[in-house]
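K.L.:
Just to be clear, the model below is a prediction. Sequence and coordinates:
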Amino acid sequence: MGYVAVKKTMSAIPQDIIDQENAKLMAAHQADYDALGVRLARVGIDIEHIVDRLMTLEVGIPSWGMVSGGTRFARFPMPGEPTHILEKIEDCAAVHQVSGLTPRISLHFPWDKANDIDEVRDYAHAHGMGFDAVNSNTFQDQPGQRLSYKYGSLTHSDPATRAQAIEHNLECIEIGDRLCAKGLTVWIGDGSNFAGQNEFADTLDRYLESMKAIYAALPHDWRLFIEHKLYEPAFYATVIQDWGTSILCAQQLGPKAQCLVDLGHHAPSVNIELIVARLAQFGKLGGFHFNDSKYGDDDLDAGSLNPFQLFLIFNELVYAETRARGQFNPAYMMDQSHNVTDPIESLLNSARAIAGAYVKALIVDRKALREYQSSNDVMMAHHCLRMAYETDVRPALAMARLRKGGAIDPMMTFRASGYRAQKARVRKSRPAIGGGII
Ligand SMILES: [Mn+2]
């Protein structure tokens with residue numbers, strides 16, 4: 001469900017290129033779709049119903065993921081990457097055009113600060129794009145900033161530094177409101193690198209006090225997303241380090257405060273789908289930052305390493321939706337760093353993985369699963385999940401994209417469009433633009 005109805009008047013990629021590529025693949029696509037439809041009908045599932053559900057799925061794109069990312073060692077810019085916010089929006093629109101899945105952009109301030117915020121909003125709307133949660137940044141110092149965040153921001157020992165960090169968040173809400181965004185995501189790097197550096201309880205007290213001031217400034221229809229992260233930049237103890245602290249804070253703050261789960265912000269081997277179920281059960285699942293990881297906050301493409309985990313997360317989401325009393329509306333966003341690939345291609349890769357995980361979760365035979373669970377038939381319960389997971393659902397994804405005016409094969413269509421090469425000719429390289437690992 002989009003936050004605003006926007007009228008598209010501009011296209012990042014000419015629609016006739018998408019149509020031409022689709023025409024080449026149409027016959028094979030229709031045959032594959034029909035075959036999948038027959039297969040699903042055999043187990044009592046209507047493929048049209050699945051495609052309808054998929055067409056309601058929307059995932060936000062991170063503005064900071066549109067330029068080549070980097071590590072603490074280096075960043076390798078690519079020719080044709082965006083050099084300012086409007087070009088980032090154009091690239092986001094290109095992703096949405098072929099994927100049909102990503103109609104909103106999540107902005108990060110002050111990285112995305114613009115002189116004319118109305119121009120930013122109007123330019124996005126003209127491309128058929130809206131805005132997802134805005135992100136504040138008090139984990140680094142900006143040029144000319146009065147007080148440093150070296151020793152913390154919302155939890156700093158100095159009240160004046162905390163006030164400055166609060167003020168920045170209030171400004172983000174103000175800008176977000178003008179963009180028709182409906183949420184603020186707060187992630188802070190606050191914590192300690194040495195035992196004894198600060199008191200755990202005192203820093204959390206200060207966090208809550210600061211967040212109460214931010215919460216109080218939220219428009220009535222906004223949500224406040226608390227993003228936890230196990231470690232980095234604080235390597236001994238982080239203030240908002242896990243979902244436990246996150247939900248405690250969200251409960252203290254009130255109903256508009258919810259927890260945001262970034263898939264890379266947990267210890268290795270943590271059962272993230274269980275965390276998702278717990279947060280959903282208590283009405284505190286605010287949303288996601290999708291990505292994938294091998295070791296830590298790697299910010300790799302969603303589903304590129306652990307597609308089964310992504311499926312199990314969506315399995316919990318689909319189940320949580322059936323149990324939810326009242327509104328169940330997690331904000332799905334991506335948070336990735338594209339260090340060695342074209343960001344647009346990585347986002348297409350991730351969009352496909354996310355949509356695939358969702359569809360596979362939708363085709364789980366829940367009635368049979370419940371019966372197996374009731375009779376403690378462990379193997380068949382597991383088998384039930386595996387059969388859904390192992391189904392090749394690509395034709396259903398292609399159909400949903402096609403019906404939204406997107407591409408049967410987004411990756412090949414994007415390549416065929418020559419978009420990046422064309423941008424490399426017109427965009428002037430400016431390596432200093434914000435982007436990185438968060
Ligand atoms: Mn994140």
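P.N.:
Alright, I've got the coordinates.

K.L.:
So which residue of this structure lies furthest out from the middle?
P.N.:
In the chain, the residue that sits farthest from the middle, by CA atoms, centre = their mean, is residue 375; the gap is 37.6 Å.

K.L.:
Contacts only, for the spatially most central residue of the chain.
P.N.:
Nearest to the mean C-alpha position of the chain, by CA atoms, centre = their mean, lies residue 333 at 1.6 Å. Residues in contact with residue 333 (CB atoms under 8 Å, 6 or more residues apart in numbering) are 59-62, 106, 132-133, 287-290. Placement of C-beta: from N, CA and C, glycine included.

K.L.:
Give me the distance between the nearest residue to residue 232 once chain neighbours are set aside and residue 83.
P.N.:
Closest residue to residue 232 apart from its sequence neighbours, by CB to CB, 6 or more residues apart in numbering: residue 297 at 6.2 Å. From residue 297 across to residue 83, the span is 26 Å (CB to CB, to the nearest Å).

K.L.:
and what of residue 409?
P.N.:
Counting by CB to CB - residue 409 and residue 83 are separated by 29 Å.

K.L.:
and if you look at residue 132?
P.N.:
Residue 132 is 22 Å from residue 83, by CB to CB.

K.L.:
which of the two has more neighbours?
P.N.:
residue 132 (30 against 18; other CB atoms under 10 Å).

K.L.:
okay, that one: pLDDT?
P.N.:
At residue 132, the model reports a pLDDT of 97.

K.L.:
Backbone dihedrals for it, both of them.
P.N.:
Residue 132 adopts backbone torsions of phi -90, psi -170, taken as degrees, to the nearest 10.

K.L.:
Surely it touches residue 179?
P.N.:
No - using CB atoms under 8 Å, residue 132 makes no contact with residue 179, being 9.6 Å away.

K.L.:
in the stretch 101-250 of the chain, which spans are helices?
P.N.:
117-126, 159-178, 200-216, 243-253 (DSSP state H, counting those that start in this stretch).

K.L.:
Show me which helix runs longest in the chain.
P.N.:
Secondary structure of the chain per DSSP state H: the longest helix is helix 15-42.

K.L.:
That one packs against which elements?
P.N.:
On a contact count with 3 or more CB pairs under 8 Å, 6 or more residues apart in numbering; DSSP states H and E, helix 15-42 meets helix 47-54, helix 85-99, helix 394-403, helix 410-417.

K.L.:
do that again at 6 Å, thanks
P.N.:
Under the contact criterion of 3 or more CB pairs under 6 Å, 6 or more residues apart in numbering; DSSP states H and E, helix 15-42 touches helix 394-403, helix 410-417.

K.L.:
and of those helices, who's closest to the ion?
P.N.:
Shortest distance between the ion and the helices and strands packed on helix 15-42, using CB to the ion, is found for helix 410-417: 23.7 Å.

K.L.:
Is the residue nearest to residue 304 when sequence neighbours are not counted bridged to anything, and to what?
P.N.:
Spatially, and ignoring its direct neighbours in sequence, residue 304 is nearest to residue 292 (5.0 Å; CB to CB, 6+ apart). Beta bridges link residue 292 to residue 300, judged by DSSP bridges.

K.L.:
Contact partners for residue 292?
P.N.:
Residues near residue 292 by CB atoms under 6 Å, 6 or more residues apart in numbering: 300, 302, 304-306.

K.L.:
ok, 8 Å please
P.N.:
For residue 292, the contacting residues are 263-264, 298, 300-306, 310, by CB under 8 Å, 6+ apart.
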